[in-house]
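Trainee: Okay, sequence plus prediction incoming.
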Amino acid sequence: MAFAIELSPHARLHVRQLRKREQRIIVDAITLHLAHQPDLPTQHRKKLQDNPLAPWELRVGDYRVFYDVSHESGTVIVVAVGRKDHNRLWIGGEEIDL
């Protein structure tokens, strides 16, 4: 079953703040890795424990895509996109403490 992918308004803003090349890389990775079996852990996807943003994370280089999966509607909802710099996460120009 293929999942529909939706970006929240915040996630759209996060992606728009990136350079065009980075936008393409992230959107392509979202399409590739989240359209089928988005809740199956892989090398790029992992289930997060006690994360206030979302229960799942997709790694795309230095970027992190935080998302949730709704099996009832067959939808993946991307809630945030940020850049990871060592142990620091930046989303929308702000450092996020997780």
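Mentor: Now that the structure is in, tell me what you want to look at.
Trainee: where along this structure do the strands fall?
Mentor: Along the chain, the segments classed as strands by DSSP state E run 4-7, 45-47, 56-60, 63-70, 75-85, 88-91, 94-96.
Trainee: Out of the ones you listed, name the one with the poorest average pLDDT.
Mentor: Here the lowest mean pLDDT among these goes to strand 94-96, at a mean of 88.
Trainee: Quick check: the gap between Ile25 and Glu95.
Mentor: In this view, Ile25 and Glu95 are 22 Å apart by C-beta to C-beta, to the nearest Å. C-beta here means a position set from N, CA and C on the backbone, and glycine is covered the same way.
Trainee: higher neighbour count, those two?
Mentor: Ile25 (15 against 10; other C-beta atoms under 10 Å).
Trainee: Surely the more buried one and Gly61 touch.
Mentor: Yes - judged on C-beta atoms under 8 Å, Ile25 makes contact with Gly61 at a distance of 7.2 Å.
Trainee: overlap in contacts of these two?
Mentor: Shared contacts of Ile25 and Gly61, defined by C-beta atoms under 8 Å, 6 or more residues apart in numbering, are absent.
Trainee: hang on, the earlier thing: could you dump the strands of the chain to TSV with distance to Pro38?
Mentor: Listed next are the strands of the chain as TSV, based on distance: least, C-beta to C-beta, whole Å:
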stretch	distance to Pro38
strand 4-7	9
strand 45-47	7
strand 56-60	7
strand 63-70	5
strand 75-85	5
strand 88-91	20
strand 94-96	22
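Trainee: out of the ones you listed, which comes closest to Leu34?
Mentor: Of all these, strand 75-85 sits nearest to Leu34, with 4.8 Å by C-beta to C-beta.
Trainee: For that closest one, list every residue counted as buried.
Mentor: By neighbour count with 16 or more other C-beta atoms under 10 Å, strand 75-85 contains the buried residues Val76, Ile77, Val78, Val79, Ala80, Val81, Gly82, Arg83, Lys84.
Trainee: OK, contacts around the last one?
Mentor: The one in question is Lys84. By C-beta under 8 Å, 6+ apart, Lys84 lies in contact with Asp62, Tyr63, Arg64, Trp90.
Trainee: Thanks a lot, see you next time.
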